[in-house]
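Participant: Any chance you can model this:
(2 chains)
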Amino acid sequence: MTNFIHQRKRELILALLIALLIGLIGVRAPIFLTLKSMDNLVTDMSILLMLALAQMLVIVTRGIDLSIASTLALTGMMVALLNHHHPDIPVLVLLGISIVLGAALGLINGVLIGVFRLPPIVVTLGTMSVYRGLTFVFSGGAWVSSNDLSKSFIEFPLSRFGGVTALVWLALLSLIVAAWVVKYTRFGRELFAIGNHPSAARLVGIRIPARLIGVYTLSGMMAGLCGYLWVARYAVAFTEIAYGFELNVIAACVIGGVSIAGGAGTVVGVVLGSLFLGVINNALPIIQVSPFWQSAITGTVILVAVLVNARGDKRGGKQILPLHFRSASAKG
Amino acid sequence: MTSRYQVEDRAAHFWKELFKRWEVLLLGIFVMIFVFNSLHSDHFLDPYNLADSTFNFSEKALLALPMALLIICREIDLSVAAIMALSSMAMGLANQHGLSAYELAAIGIGTGVLCGLMNGVLVTKFRLPSIVVTIGTMSLFRGIASVVLGDQAFTNYPTEFGEWGQGYAWGIIPKEFIVFLVAIVVFSLLLHATTFGRRLFAIGNNPIASRFTGIRVEQHKLFLFVLMGAMAGLASVLLTARIGSTRPNMALGWELEAITMVILGGVSIAGGIGTMLGVVIAIFTMGMVTYGMSLDNIPGIIMTILVGFLLLVTITVPAVLRLGTVRKE
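Facilitator: Predicted coordinates:
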């Protein structure tokens, strides 16, 4: 038990903080603790959680995927246009199309990063601009609004199975899959190995290019799926949807203790990180704090989280002998 | 002079040769774009238009120059655009108390310095990765600006203040552009003609080795973050003066444009490689593309596709060549 507490210290602290936060908000506005409000909360954070889980796998390999929000916008726009022009295509087919499309966009990142060994931050910065721009090109800058979309298209994400929305089911499913991938699959373990020590990982025979292609494709796939969900949930598609959302997703990972230096991160942490952001976003209007505070609070939370999570071994080139000229230079 | 232990100079490395030539390649692209645009549109070469076109990149360029130094040092600052919003907000608040234009500018730059100091301290004293720190401060700084401003905007800046952003020197050259030219000279000298600049390359190449050779790595990085903040403050002064108002969403996304300019200019994101000349040519290239497209009424978002694509090509082409050489080894 003590071992468990020790290993999971970060997650436990974060969980306690969230419980405290929820409690405090509940005292101020009891309505927040109702089942309906909690249902809202988990539905709202589903997309964030799904993207954050995929992003975690990317960050664990020492990478980053800045293009997810643009991938989301592009696939969301494509399926919205498809639905607008061919309303008879069933929703499940569109769901499949959005996943395939997202995977294809992610594959481009994966090939550039895995095969050509380009820095992920630059590659995804580039594709981020390109995908966002293509969203504009395909839509001609026009909005696809709820009137242009079929009823079944819009209703799916919020339709309820066993009392819980489809969004939450999908998030749960992603969560289970992610936990399984991380713990029990060779793919998942090798991602951690790559992030911990890339050259050692190569020497033990891990095919790094293939793994990187896989993980960025996965990230794109998730972004594509979320593209459909986002557009359907808010019943509107336009060029700027989810603008800047990639940073929220990375923030959820960082708050959850995923190390940007790679090799460290847990599914539980990511869930807690997403939950934290979800609680803040949902609670502010309820306790009548201006939503303008949201960004400032998020920023503070990120900074506190990295300070708390800072791994003390970052110090490079530690000085072991005293500097002889220190006293002299201090005077001068 | 021959000794058993003599270390031969390494044969000129293919990569270094290519990066040396990168500026030449970039200059070629710039000339092509310039010639294409001037043949394509009659209004392109009009001196007044050409001078005015510098408005669209001068402020971003002020972010790109110090960003190049940071990236050479293996750091990055994603909060620069948010710093601009925050320092513009500070100027707006100060303006309500009727301060003079010079005092406003001092407050704007001072706010930038403080923000940069915060980034720098978090990165160097607490040894946190700069990308995470500046994602956090980016939210924080812009968040504070939007808390203070709400859905309002600060306007009514003094005329003298507006003159800095909108005014011309000798009736044709925008004052902003002159600030940019001065900044180019200062930053080029700083990076290429001082010990300080040489140390930045050393740090970018190998921070640990640099530390052992006695370079105060952390102080250098701290200074760069503060410098970055100050330049963001300056850019904010010019932008606020030019558009005459402060809104929480001002300069949204500029951090990525500035970083794109730097990488397009041949600075390696892995640190240790880059020249100011390359960055400056990249800035002008992007500026001329935007200007040419605006003459054709092409929306700015098409420009982002082009820039993103250019960025990808820029890094992919050398990588494809490298793949060939690696296989051979």
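Participant: Where does the prediction get shaky in the stretch 201-332 of chain A?
Facilitator: Where the stretch 201-332 of chain A drops to pLDDT under 70, the residues are A:311-332.
Participant: make it 80
Facilitator: A:291, A:308-332 (pLDDT under 80).
Participant: all helices of the stretch 101-250 of chain B, in order?
Facilitator: Along the stretch 101-250 of chain B, counting by DSSP state H, counting those that start in this stretch, helices occupy B:101-124, B:130-149, B:159-166, B:175-192, B:195-205, B:207-212, B:217-243.
Participant: mind checking which of those is nearest A:Ile113?
Facilitator: helix B:130-149 (16.3 Å; C-beta to C-beta). Using the backbone N, CA and C atoms, a C-beta is placed for each residue, glycine as well.
Participant: who does that closest one touch, helix- and strand-wise?
Facilitator: Judged by 3 or more C-beta pairs under 8 Å, 6 or more residues apart in numbering or on different chains; DSSP states H and E, the packing partners of helix B:130-149 are helix A:245-255, helix A:293-309, helix B:80-95, helix B:101-124.
Participant: Quickly compare those and say which is most buried.
Facilitator: For the helices and strands packed on helix B:130-149, the largest average neighbour count (mean count of other C-beta atoms under 10 Å in any protein chain shown) is found in helix B:80-95, namely a mean of 28.
Participant: sorry, back to before: just put the helices and strands packed on helix B:130-149 in CSV and tack on distance to B:Glu255.
Facilitator: Converted to CSV, the helices and strands packed on helix B:130-149 look like this (distance: least, C-beta to C-beta, whole Å):
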stretch, distance to B:Glu255
helix A:245-255, 11
helix A:293-309, 14
helix B:80-95, 5
helix B:101-124, 12
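Participant: out of those helices, nearest to B:Leu252?
Facilitator: helix B:80-95 (6.5 Å).
Participant: anything in the closest one near chain A?
Facilitator: No. Counting by C-beta under 8 Å from any C-beta of the partner chain, chain A is not contacted by helix B:80-95; separation bottoms out at 8.6 Å.
Participant: cool, and stretch B:192-202?
Facilitator: No. Stretch B:192-202 lies out of reach of chain A by C-beta under 8 Å from any C-beta, never closer than 12.8 Å.
Participant: Is A:Ser98 in contact with A:Gly227, as I believe?
Facilitator: Yes. With contact defined as C-beta atoms under 8 Å, A:Ser98 counts as touching A:Gly227 (5.4 Å).
Participant: Nearest to B:Gly287 among the helices of the stretch 101-250 of chain B would be which one?
Facilitator: For B:Gly287, the closest of the helices of the stretch 101-250 of chain B is helix B:175-192, at 10.1 Å, according to C-beta to C-beta.
Participant: For the closest one, which outside residues touch it?
Facilitator: Identification of contacts with helix B:175-192 by C-beta atoms under 8 Å, 6 or more residues apart in numbering or on different chains yields B:51, B:54-55, B:58-59, B:61-62, B:65-66, B:68-69, B:72, B:163-165, B:167-169, B:196-197, B:200, B:231, B:234, B:238, B:242, B:275-277, B:280.
Participant: follow-up on the earlier one: overlap of the contact sets of A:Ser98 and A:Gly227?
Facilitator: A:75-76, A:78-79.
Participant: I'd like to know which of the residues you listed are part of helices.
Facilitator: A:75-76, A:78-79 (DSSP state H).
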